[in-house]
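**Student:** sequence? don't have it. structure:
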């Protein structure tokens, strides 16, 4: 094949192909898998000039893409004569995509310096060579960095780094703002950022151009631009990492000293306060004046159930209450039938805070999270994930599907989606989570599995007693009463409303 360009070939205006149509021309050197994929993607909008030294590969590309949108030249892409024969000078841009950094550099250099191609890009495999390419006016694309960023974007759904805009080095990221973000309601001017800015805000389906008065809201997607070294930490902060228990509900543990409070109960309260680094503990006993609470060292206990309820009223009135702690109570036929209430029943019907029934199964090394398709369960998932991360405990999410003839086929799909949601929340916060998908009686299966764990975390719909009729039940109240392990229950009110 004659390496010299045809003398009769008329000059082609730079950036346009010699055929009909308005398409710009792109030259791609190297028809490996990446080069072929790029050629196919661009062929609908560009005239593609492809240079490949292997004749068999070039023939495969020609038959694979076809049409007039791609013209293949066989030859060495580092040869000026071959590039001239391929009419690379007519291209608006050239991309060198061989597997050899030196070949890519030389090809791009010739195209830019000798053939007048305005924009040249080159695939770089060795990151230590990036500066050399940039100094020569060649736009380097680090292959390993782009692949790593794409995979990281798949794994970390709430943190998206850009690979196809800017430098592609992670200096542009998108982050979703969660309900735990410390900047909710704050105007952008209050941030005083260094080395980064909020370049855009996506709110629902609308693009907002941010200014100093723009306030951050839950669900906003923030487009951040800044130095790659600082952006991950900034994104984590703005997004709102899982708060330290018992936040965001409050800052203090409040424990009831009912007649059933034992030394083991008190030891569990102290363990949780120490392990979670909670500075404030309030112990409510019968020596407290009405409306007052004191951290007591001597416990005077009253066996009167009505008095226990009065203690509960005092506890719920404490400022900064973050988690209410109750001792275990008997759970017999009368309680199961709803004929006799308990302090837990009353607390769940009155509070928006987590309620811990301390049964002595501490330290909490293994946490179990029963998952159901009920609405507003995600706050309980975040609560369990936050505790697991704080305590260094393992977290297992479990769903139990009754027989299909009892609940219907749709319920099985709902269970699977609820479990997937729990996994997504944990992965968002970089927390490993195990899953169990069981079949059978949900109460029996969960109570059995709970015996292998130290703490059970439940979401509860206050006022819902349908579990007693077994009609698509919220079984959390039954589980909370009947479980033999310590149980943390989060009341979740319809529509997300919580009553304090």
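**Tutor:** Structure's in. What do you need? These numbers come from a predicted model, not from an experiment. Numbers count the residues shown, from 1 in each chain.
**Student:** scan this protein for its longest helix.
**Tutor:** Secondary structure of the chain read by DSSP state H shows that its longest helix is helix 409-428.
**Student:** now that helix: buried residues?
**Tutor:** Neighbour-count burial for helix 409-428 flags 411-412, 414-415, 418-419, 421-423, 425-428 (criterion: 16 or more other Cβ atoms under 10 Å). Every residue, glycine included, has its C-beta placed from N, CA and C.
**Student:** please, which helix or strand holds residue 198?
**Tutor:** Using DSSP states H and E, residue 198 sits within strand 196-203.
**Student:** pull the residues that contact that strand.
**Tutor:** 172, 174, 188, 191, 207-210, 214, 216-217, 219-227, 230-231, 234 (Cβ atoms under 8 Å, 6 or more residues apart in numbering).
**Student:** identify each buried residue in it, please.
**Tutor:** 196, 198, 201.
**Student:** identify the bridge partners of the first one.
**Tutor:** Counting by DSSP bridges, residue 196 is bridged to residue 226.
**Student:** what separation do you get for it and residue 317?
**Tutor:** Using Cβ to Cβ, to the nearest Å, one obtains 43 Å as the distance from residue 196 to residue 317.
**Student:** what does the second one give?
**Tutor:** The span separating residue 198 from residue 317 equals 40 Å under the rule Cβ to Cβ.
**Student:** OK, contacts around the residue nearest to residue 97 when sequence neighbours are not counted?
**Tutor:** Computed as Cβ to Cβ, 6 or more residues apart in numbering, the closest residue to residue 97 that is not its neighbour in sequence is residue 30, at 4.0 Å. Residues in contact with residue 30 (Cβ under 8 Å, 6+ apart) are 51-52, 77, 96-99, 104, 123.
**Student:** now restrict those residues to buried residues only.
**Tutor:** 51-52, 77, 96-98, 104, 123.
**Student:** what's the closest of these to residue 90?
**Tutor:** residue 51 (13.1 Å; Cβ to Cβ).
**Student:** partner strands of the helix or strand hosting that closest one, parallel or antiparallel?
**Tutor:** If you go by DSSP H and E, residue 51 is part of strand 46-52. With DSSP bridges as the test, strand 46-52 is paired with strand 24-29 (parallel), strand 70-74 (parallel).
**Student:** right, and the ones you listed - which one's nearest residue 460?
**Tutor:** strand 24-29 (59.6 Å).
**Student:** so what touches that closest one?
**Tutor:** Residues contacting strand 24-29 (Cβ under 8 Å, 6+ apart): 15-17, 35, 38-39, 42, 45-52, 77, 83, 86, 88, 90-98, 104, 107, 111, 117.
**Student:** now these: which count as buried?
**Tutor:** Applying 16+ other Cβ under 10 Å to the contacts of strand 24-29 flags 15-17, 35, 38-39, 42, 46-52, 77, 83, 86, 88, 90-98, 104, 107, 111, 117 as buried.
**Student:** and the next helix or strand past the longest helix of the chain?
**Tutor:** strand 434-439.
**Student:** what pairs with that next one, parallel or antiparallel?
**Tutor:** Strand 434-439 is paired, per DSSP bridges, with strand 394-401 (parallel).
**Student:** need the residues that contact the strand it pairs with.
**Tutor:** Residues contacting strand 394-401 (Cβ under 8 Å, 6+ apart): 365-372, 381, 384-385, 388, 407, 411-412, 415-416, 418-419, 422-423, 426, 431-442, 445-446, 449, 453.
**Student:** for that strand, what is the distance to the chain centroid?
**Tutor:** Relative to its parent chain, strand 394-401 has a centroid offset of 19 Å by Cα atoms, centre = their mean, to the nearest Å.
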